[in-house]
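S.K.: Need coordinates for the following:
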Amino acid sequence: MSRLKCQNMATGGKSKSIFRFLLIICYLLLSHSLSNGAEIIGPEVKLQNNEIYVTTALSLEEKYIEELKNGIPKEFIFYIDLFKVWKIWPDEFVLGNLFVRTLKCDPVKMEYFATSNDGATLVEKRFKSFESMIRWTMNIHNLKLVNTRELESGAYFIRITVESKIRKLPPIIGHFLIFWSENEFKIKKDSSFFNIGAVK
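M.R.: The predicted model follows:
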């Protein structure tokens, strides 16, 4: 067998290996992007005593529930943002709140821990049950967002965005971070429009 033929066979074998590897990467990226893994409930907006209150919740897919129960910690970032609606221009971001919620379970000791951090206050809690931990971390109830006297007249809406960061990427995947999202999922949902003041 000639040297040239051997080189061609070796090159062909390497090409097949690289092609297989790229196919696996593409499959992982596609399956990752198609799996949201969560659903936003709400948001519900209430106007009371010149204040805007927001209520929302996150419903997790069973896959993430099982990972938590097996001791894999999770971090969820909630963005609660107020936008003003414009007919011609893009919607305008007015203000927002951010909450970082972390959850951790010890399946052996049956212990459950969670924290909530809004950038100014860190709250740490220990729970007697997994269900009570999920209720506390996945719900935002009657959050006072802003006094309507501080806003211009017009139509507004609330946008809820929730991110779940990936725990740790496998070392070989780390070389392809430019193609790979840093989130397990990132979802958003808008409320219905509501009016502040006299709308022109």
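
S.K.: From residue 146, how far off is the nearest residue to residue 130 once chain neighbours are set aside?
M.R.: By the measure of CB to CB, 6 or more residues apart in numbering, the closest residue to residue 130 outside its immediate chain neighbours is residue 112, 5.7 Å from it. Glycine gets a C-beta too; all of them are placed from N, C-alpha and C. Distance, residue 112 to residue 146, using CB to CB, to the nearest Å: 33 Å.

S.K.: Looking at those two, which is more packed in?
M.R.: residue 112 (24 against 18; other CB atoms under 10 Å).

S.K.: give me the beta-bridge partners of the more buried one?
M.R.: On the basis of DSSP bridges, residue 112 is bridged to residue 105, residue 127.

S.K.: what does the one 10 residues further on give?
M.R.: Using DSSP bridges, the bridge partners assigned to residue 122 are residue 117.

S.K.: residue ranges with poor pLDDT in this structure?
M.R.: Residues of the chain that meet the criterion pLDDT under 70 lie in 1-36, 166-183, 198-200.

S.K.: for the protein, what spans make up the helices?
M.R.: Here the chain has its helices, by DSSP state H, at 3-34, 62-69, 130-138.

S.K.: count of neighbours near the nearest residue to residue 79 once chain neighbours are set aside?
M.R.: Leaving aside its chain neighbours, residue 79 sits nearest to residue 161 (4.1 Å; criterion: CB to CB, 6+ apart). Residues lying near residue 161 (other CB under 10 Å) number 17.

S.K.: what bridges to residue 161?
M.R.: residue 79, residue 188.

S.K.: Let me see the contact set for it.
M.R.: Residues counted as contacts of residue 161 (CB atoms under 8 Å, 6 or more residues apart in numbering) are 78-79, 81, 186-188.

S.K.: most neighbours, which of the residues you listed?
M.R.: Going by other CB under 10 Å, residue 78 tops these with 23 neighbours.

S.K.: count of neighbours near residue 72?
M.R.: For residue 72, the neighbour count with other CB under 10 Å is 14.

S.K.: any idea how far it lies from residue 59?
M.R.: As judged by CB to CB, residue 72 and residue 59 stand 18 Å apart.

S.K.: Now find how far off-centre stretch 52-68 is within its chain.
M.R.: 10 Å (CA atoms, centre = their mean, to the nearest Å).

S.K.: and that stretch, which residues are buried?
M.R.: For stretch 52-68, a neighbour-count test (16 or more other CB atoms under 10 Å) marks 52, 54-58, 60, 64, 67-68 as buried.
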